[in-house]
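J.: any chance you could fold what I've pasted below:
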Amino acid sequence: EVRNYDTFDLLIGYDFGERFNLSFDVRNLFDEKPPFVDTAGGYDPQSANPIPRVFALTGSVKF
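T.: Model prediction:
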């Protein structure tokens, strides 16, 4: 039996007027490790992601 695998993401964004947007994104907020599955990779790629917590800062400008 394979244990549950739940991850939580966070996205915060702000519009600076009509043209500029800035957002901050955290994927896998609590840095949850995927459950072990007895396969070549050690995890099930259909239901889990082995990439640890990821931070992203994104900005956009409309012309």
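J.: CA atoms for contacts and neighbours, from now on please.
T.: OK.
J.: who's in contact with the helix or strand that contains residue 26?
T.: Using DSSP states H and E, residue 26 sits in strand 20-27. Residues outside strand 20-27 that contact it (CA atoms under 8 Å, 6 or more residues apart in numbering): 7-16, 53-62.
J.: recalculate using a threshold of 7 Å.
T.: Strand 20-27 has contacts (CA atoms under 7 Å, 6 or more residues apart in numbering) with 8-15, 53-62.
J.: extract the CA atoms of it and return them as CSV.
T.: Output of strand 20-27 as CSV, limited to C-alpha atoms (Å, rounded to 0.1, in the frame of the first residue of the first chain):
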residue,chain,number,x,y,z
PHE,A,20,2.4,45.6,-14.7
ASN,A,21,1.8,42.5,-12.7
LEU,A,22,4.1,40.8,-10.2
SER,A,23,3.5,37.3,-8.7
PHE,A,24,5.2,35.0,-6.2
ASP,A,25,4.6,31.3,-6.5
VAL,A,26,5.6,28.4,-4.2
ARG,A,27,5.0,24.9,-5.4
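J.: that one: how far from the chain's middle?
T.: Here the centre of strand 20-27 is set off from its chain's centre by 12 Å, with CA atoms, centre = their mean, to the nearest Å.
J.: in its sheet, what does that strand sit against?
T.: Sheet pairing for strand 20-27, assigned by DSSP bridges, gives strand 10-16 (antiparallel), strand 54-61 (antiparallel).
J.: give the buried residues for the shortest one.
T.: What that stands for is strand 10-16. Buried positions in strand 10-16, judged by neighbour count with 16 or more other CA atoms under 10 Å: none.
J.: please report the distance of the residue nearest the centre of the chain from residue 18.
T.: Centroid check for the chain by CA atoms, centre = their mean gives residue 27 as the closest residue, at 2.1 Å. Look at residue 27 and residue 18: by CA to CA, to the nearest Å, they are 27 Å apart.
J.: for residue 32, find the nearest of the strands paired with strand 20-27.
T.: strand 54-61 (11.5 Å; CA to CA).
J.: contacting residues around the nearest residue to residue 31 once chain neighbours are set aside?
T.: Nearest residue to residue 31, sequence neighbours excluded (CA to CA, 6 or more residues apart in numbering): residue 53, at 4.9 Å. Contacts here follow CA under 7 Å, 6+ apart; on that basis residue 53 touches 27-29, 31.
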